[in-house]
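Engineer: structural data only, the sequence is not supplied:
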């Protein structure tokens, strides 16, 4: 059958939105991706400070699903992804230091945002610094209005923002009922430049006590600048308590927490910057792939629909494109 050519707007240029946009473009639809940020990536963003790069969101990813693994292999062949053979410890309440289980971990190169940047470059229409201000549902589609008065019309709308933001944008009781129970947990991230490595024998550590949950050397990652740059993540409980605290105070508190880690060497801080991820990961993901509301021509997707991992975000984008395609095949036309 001949597939109708739909106008589709995807809100969010993270892994989910870009994956769906590529698949939908491949189906022959006219797809526009919008994002309020300066560039793609979302929580796969890379923070740049002169010649330094900090992967301050997603730290690495694994590949279990066969489809995602095929894409990871293809990214490796294109020089976008490399295995990260890091020496990773686990720091617990009583256990001290225990080497973590061997797991194949991947990182993008030269920064975690590289995959999303490449995906965005391959799409015909990605618009950044496009802050969505208002959504208006029409009989057969949607009108989007930016904070600067720009407008976009579409037949199908896909929203990949965290659920709290999606609920505010859509202001729809049906959406509230479907996703109102999804709680997104925050994470304070600290980016440090030190005079020496934080750990003498490890590149990273899972931390199971105190404010921190993860610490990682950026130097240990392939094709990174040769500087003792480290990223520290606070755990969700600590981040929630200190969510509205000034960033400079968070820098001091988390730096102090790093100093007393069992494996830590004494160090001098040369630079420190904190970043607040207000919506870092879902407490209990829905594990539904994606949500399709056919009566509204509306899709909701993200890692919170499919497990809080990069792989889950990718598969949620694929699930959305498949559901739209199946809806067209089933009904002949989506409208």
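Structural biologist: Nice, thanks for sending it over. Source: prediction; values computed, not measured.
Engineer: low-confidence ranges in the protein?
Structural biologist: Counting by pLDDT under 70, the chain contains low-confidence ranges at 1-2, 93-102, 332-335.
Engineer: what's the single longest helix in it?
Structural biologist: helix 310-331 (DSSP state H).
Engineer: give the buried residues for that one.
Structural biologist: Buried residues in helix 310-331, defined by neighbour count with 16 or more other Cβ atoms under 10 Å: 310-325, 327-328. C-beta here means a position set from N, CA and C on the backbone, and glycine is covered the same way.
Engineer: OK, contacts around the most centrally placed residue in the chain?
Structural biologist: The centroid of the chain falls nearest to residue 43 when counting by Cα atoms, centre = their mean (3.1 Å). Contacts for residue 43 (Cβ atoms under 8 Å, 6 or more residues apart in numbering) come out as 14, 57-58, 277, 280.
Engineer: roughly how far does residue 242 sit from residue 249?
Structural biologist: In this view, residue 242 and residue 249 are 8 Å apart by Cβ to Cβ, to the nearest Å.
Engineer: before we move on, what about residue 271?
Structural biologist: For residue 271, the distance to residue 249 - Cβ to Cβ - is 17 Å.
Engineer: repeat that for residue 14.
Structural biologist: Taking Cβ to Cβ as the measure, residue 14 falls 29 Å from residue 249.
Engineer: neighbour count: the two, which is higher?
Structural biologist: residue 14 (27 against 11; other Cβ atoms under 10 Å).
Engineer: how close does the more buried one sit to residue 111?
Structural biologist: Applying Cβ to Cβ, the value for residue 14 to residue 111 is 15 Å.
Engineer: what of residue 126?
Structural biologist: Note on residue 126: its distance to residue 111, by Cβ to Cβ, is 18 Å.
Engineer: equivalent analysis for residue 134, please.
Structural biologist: As for residue 134, its distance to residue 111 is 33 Å (criterion: Cβ to Cβ).
Engineer: one more: residue 19?
Structural biologist: 19 Å.
Engineer: the more surrounded of those two?
Structural biologist: Remark: of residue 19 and residue 111, residue 19 carries more neighbours, 27 against 22, as counted by other Cβ under 10 Å.
Engineer: residues in contact with residue 198?
Structural biologist: Contacts for residue 198 (Cβ under 8 Å, 6+ apart) come out as 192, 215, 217, 228, 230, 258, 261, 264-265, 267.
Engineer: do residue 309 as well
Structural biologist: Residues in contact with residue 309, defined by Cβ under 8 Å, 6+ apart, are 61-62, 303.
Engineer: just the buried members of those?
Structural biologist: Buried members of the contacts of residue 309, counted by 16+ other Cβ under 10 Å: 61, 303.
Engineer: okay, the contacts of residue 309 in TSV with secondary structure and distance to residue 160 next?
Structural biologist: TSV is the format used below for the contacts of residue 309 (DSSP: H, G, I helix; E, B strand; the rest coil; distance: Cβ to Cβ, whole Å):
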residue	secondary structure	distance to residue 160
61	strand	17
62	coil	21
303	helix	9
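Engineer: picking up where we left off before, max pairwise distance over the contacts of residue 198: which two?
Structural biologist: Maximum pairwise distance among the contacts of residue 198 (Cβ to Cβ): 15.5 Å, between 228 and 261.
Engineer: looking at the two, which is more packed in?
Structural biologist: Taking other Cβ under 10 Å, residue 228 and residue 261 do not tie; residue 261 has more neighbours (20 against 16).
Engineer: does the more buried one count as helix, strand or coil?
Structural biologist: Recorded secondary structure, residue 261: coil (DSSP: H, G, I helix; E, B strand; the rest coil).
Engineer: which residue, other than its chain neighbours, is closest to it?
Structural biologist: Closest residue to residue 261 apart from its sequence neighbours, by Cβ to Cβ, 6 or more residues apart in numbering: residue 91 at 6.2 Å.
Engineer: how much space between that neighbour and residue 160?
Structural biologist: As for residue 91, its distance to residue 160 is 34 Å (criterion: Cβ to Cβ).
Engineer: ok, those two, which is more surrounded?
Structural biologist: Neighbours per residue, other Cβ under 10 Å: of residue 91 and residue 160, the larger number sits with residue 160, 33 against 22.
Engineer: can I assume that one is in contact with residue 18?
Structural biologist: No. Using Cβ atoms under 8 Å, residue 160 makes no contact with residue 18, being 9.1 Å away.
Engineer: between these two, which contacts overlap?
Structural biologist: Going by Cβ under 8 Å, 6+ apart, residues that sit against residue 160 and also against residue 18 are 10, 317.
Engineer: still on that earlier bit, and the contacts of residue 309, which is closest to residue 3?
Structural biologist: Ranked by distance to residue 3 (Cβ to Cβ), the contacts of residue 309 are led by residue 303 at 27.9 Å.
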